[in-house]
Structures are given as structure tokens and as C-alpha cells.
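Engineer: here is a sequence together with a model predicted from it:
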Amino acid sequence: MGIVSQEAIVQLQALMDRVDEPLNKTFENVHQGYRAETLARFLKAREWSVVKAHKMLMDCLLWRVQNDIDHILAKPIVPTELYRAIRDSQLIGMSGYSREGLPVFAIGVGLSTFDKASVHYYVQSHIQINEYRDRVILPSASKKHGRPITTCIKVLDMTGLKLSALSQIKLLTIISTIDDLNYPEKTNTYYIVNAPYIFSACWKVVKPLLQERTRKKIQVLPGCGRDELLKLYNYIKQQSVINEPAQPIKQGSFHVDLPEPAAEGTEIVKTLESELHKFENGNGLPGAIDGIKINGD
């Protein structure tokens, strides 16, 4: 990390030292004892502008307080049958750790239907997963390896991706916006596997719309990517759903305020919708791809 970066962290730290309760308390839940690394994430998300990073972080803390995010793990989706249906239609689980100790999450993008409840319940479930990752999994990994581990790796399995994914774009955009604004720079690398032709076509038009920082994180692997992924793993275990949230202090679900998508996200959604409609109208050809060079043509 360069001198300029270190100076930016020091300046942002000085601003955060002035934060009063309850924002300071929720900030503790965000950084989990790794303040410098957390400040660096927000600075990186705002191109190392201290002023912009400070506003982003303060907005994040206000969002957490206003939506009681600190207690979201103790507020499950009820009834239990609804919670289970949501988790069964939102496929995500831990599949192991990388050689560097980063948790690896497998996400069944193509086979996730997101059709068992309203948007609010899926947003709540997604935030619970984020909070469990940040407040349980990552601190545990950091303790085990004796150094800060504040990011993860995500393997996105596109098996089964169909045109029906068009109906999921609104929800996925909301989730992506929440992550961008409140959980920035938490993913080290995205590996995309089992990508069908429909993804290949959409990726070519979406890629130019992404920020360079985001593009560099995405790697599309040939086929299931088995050989490449095995090189990353320190050990592998059977995929398992993240542990259930803690038992509730009181029964009942709650809804989080949904953010307005950023301009970049809105443009990407419009482009995706346009491309998917082309397939829907018969202008696309079915098939599969062996691999895509992210940094190439």
C-alpha cells in the first residue's frame, strides 16, 4: 500500500474518531477490530477520495442504524417454512477456503429462482448472509490464520441460466446496490463457471459498462472450471448452507429500506433486458462456451 493510500487511511480514521454513538457502535460491528482494512475498502470504492469515502461510510452507518442491521441475525424470516423456501430458492453455500485462507462461496445463479416470497424477504436473507460472513466467518478465518481476512471469493455457477432470469433483474440490482453501498470491496474475485451462450452474449455488452476495478475481479472459466478452482483451494468440503441465524430475541421479520439503484446499475439492467429480449424474440442462438478472455476481445 502506497504512501498516498496510508495518508488517506489516517485522514479518514481521524474523521471516524469523531463519530458518536450509536454510529460508533455499528461501526464496530462493521470493522470487527480491523479498522484500517475497513477504511481501505471504503476508500478503494471511492477511488481513494477521503471526502467521498467518509460520506459513503457515514451513509452506510446511518443505513445500519435506521434498519437495525446490527440485530438482523437475531430476526429470522417467519414462519419457518417461508424461510426454508427462500433459502432453497436462493442457492448459496460455503465450499471451502482458498490457499490464502479466503472463504469460498458457491452460488447457483442459474438455478436460483427467487420466486417464493417478495423482494423484501430475499433482501433480508441476503443481508443476513452478508452479516454472518462478516461477523462470524471472516473473523474466525482471521483468528485461525493470525492476520486480517476481510474478503471472500465467489464462484458463480450459471448452470440452468434461462430467459426467465429476466424477472430476477430487479431483485438482483437491489441486492447489488446494497452490496456496493454498504459492503464494498468484500469480494476478492468472482469466478464464473458453466456459462451458457446466453451469458456469453450478455457479458460482451455488459462488460464495457462495468468499472475497471470490477472487471478485473471477474474471471470466466472454461466449463465447470474444476482444474482452475482446485488450484485455489487449501481444502474442500461438501457445499453447505450457511448456518442458521441465531434464535430470535423476539419473533417477526422486518423489511429493510430498499435503495435506489445507482446510475451505472440502471444502465446495466437496461442493457441486460435488451439483450435477453433479443433471445426471447428468437434473435439469439442457443449453445455453450468453452471460456472467455475477460481482458481480451
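Structural biologist: That came through, no problem. Everything numeric here is computed off the predicted structure, so don't read it as measured data.

Engineer: so how far is Leu232 from Tyr183?
Structural biologist: From Tyr183 across to Leu232, the span is 22 Å (CB to CB, to the nearest Å). C-betas here are computed from N, CA, C, even on glycine.

Engineer: before we move on, what SS does the residue nearest in space to the middle of the chain have?
Structural biologist: Nearest residue to the geometric centre of the chain (CA atoms, centre = their mean): Asp179, 5.5 Å. Classification of Asp179 by DSSP: H, G, I helix; E, B strand; the rest coil places it in helix.

Engineer: return the residues in contact with it.
Structural biologist: Asp179 is in contact with 130, 186, counting by CB atoms under 8 Å, 6 or more residues apart in numbering.

Engineer: show me how far the helix or strand hosting Val30 is from its chain's centre.
Structural biologist: Element membership for Val30 (DSSP states H and E) is helix 23-31. In terms of CA atoms, centre = their mean, to the nearest Å, the centre of helix 23-31 is found 20 Å from the chain centre.

Engineer: start the count at 52, not 1, going forward
Structural biologist: Okay, using 52 as the starting number, the last item reads as helix 74-82.

Engineer: elements contacting it?
Structural biologist: Judged by 3 or more CB pairs under 8 Å, 6 or more residues apart in numbering; DSSP states H and E, helix 74-82 is in contact with helix 86-96, helix 101-117.

Engineer: show me what the helix or strand just after the longest one is packed up against.
Structural biologist: If I follow you right, that is helix 101-117. Sequence order places helix 131-139 as the next helix or strand after helix 101-117, per DSSP H and E. When contacts are defined as 3+ CB pairs under 8 Å, 6+ apart, helix 131-139 sits against helix 170-183.

Engineer: next, the buried residues of the next helix or strand along the chain from the helix it packs on.
Structural biologist: Under the assignment DSSP H and E, the closest C-terminal helix or strand after helix 170-183 is helix 189-196. Neighbour-count burial for helix 189-196 flags 189-190, 192-193 (criterion: 16 or more other CB atoms under 10 Å).

Engineer: possible to save those residues as JSON lines with distance to Leu207 and pLDDT?
Structural biologist: Shown next, in JSON lines, are the buried residues of helix 189-196 (distance: CB to CB, whole Å; pLDDT from 0 to 100):
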{"residue": "Leu189", "distance to Leu207": "20", "pLDDT": "97"}
{"residue": "Pro190", "distance to Leu207": "25", "pLDDT": "96"}
{"residue": "Ala192", "distance to Leu207": "21", "pLDDT": "95"}
{"residue": "Ser193", "distance to Leu207": "25", "pLDDT": "96"}
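
Engineer: nearest to Asp71, of the residues you listed?
Structural biologist: The shortest gap between Asp71 and any of the buried residues of helix 189-196 belongs to Pro190, at 24.9 Å (CB to CB).

Engineer: quick one: that closest one from Glu88, how far?
Structural biologist: When distance is defined by CB to CB, Pro190 is 12 Å away from Glu88.

Engineer: same thing with Gly276?
Structural biologist: From Gly276 to Glu88 the distance is 28 Å (CB to CB).

Engineer: again, but for Lys213
Structural biologist: Noted for Lys213: a distance of 39 Å to Glu88, by CB to CB.

Engineer: please apply the same query to Ile188.
Structural biologist: Separation of Ile188 from Glu88 (CB to CB) stands at 15 Å.

Engineer: can you list the domain ranges for this structure.
Structural biologist: 59-118, 128-290 (the TED database).

Engineer: closest to Glu311 out of the ones you listed?
Structural biologist: Shortest distance between Glu311 and the domains of the chain, using CB to CB, is found for domain 128-290: 7.6 Å.

Engineer: which ones are touching Ser176?
Structural biologist: By CB under 8 Å, 6+ apart, the contact set of Ser176 is 128, 134, 137-138, 141.

Engineer: could you redo the last one with a cut-off of 10 Å?
Structural biologist: Residues counted as contacts of Ser176 (CB atoms under 10 Å, 6 or more residues apart in numbering) are 123, 127-128, 134, 137-138, 140-141, 143, 165, 168, 226, 296, 304.

Engineer: also Asp166?
Structural biologist: 136-137, 140, 173, 215, 218-219.

Engineer: how much space between it and Arg266?
Structural biologist: Applying CB to CB to Asp166 and Arg266 gives a distance of 30 Å.

Engineer: and what of Ser149?
Structural biologist: Distance, Ser149 to Arg266, by CB to CB: 21 Å.

Engineer: more crowded one of the two?
Structural biologist: Ser149 (19 against 14; other CB atoms under 10 Å).
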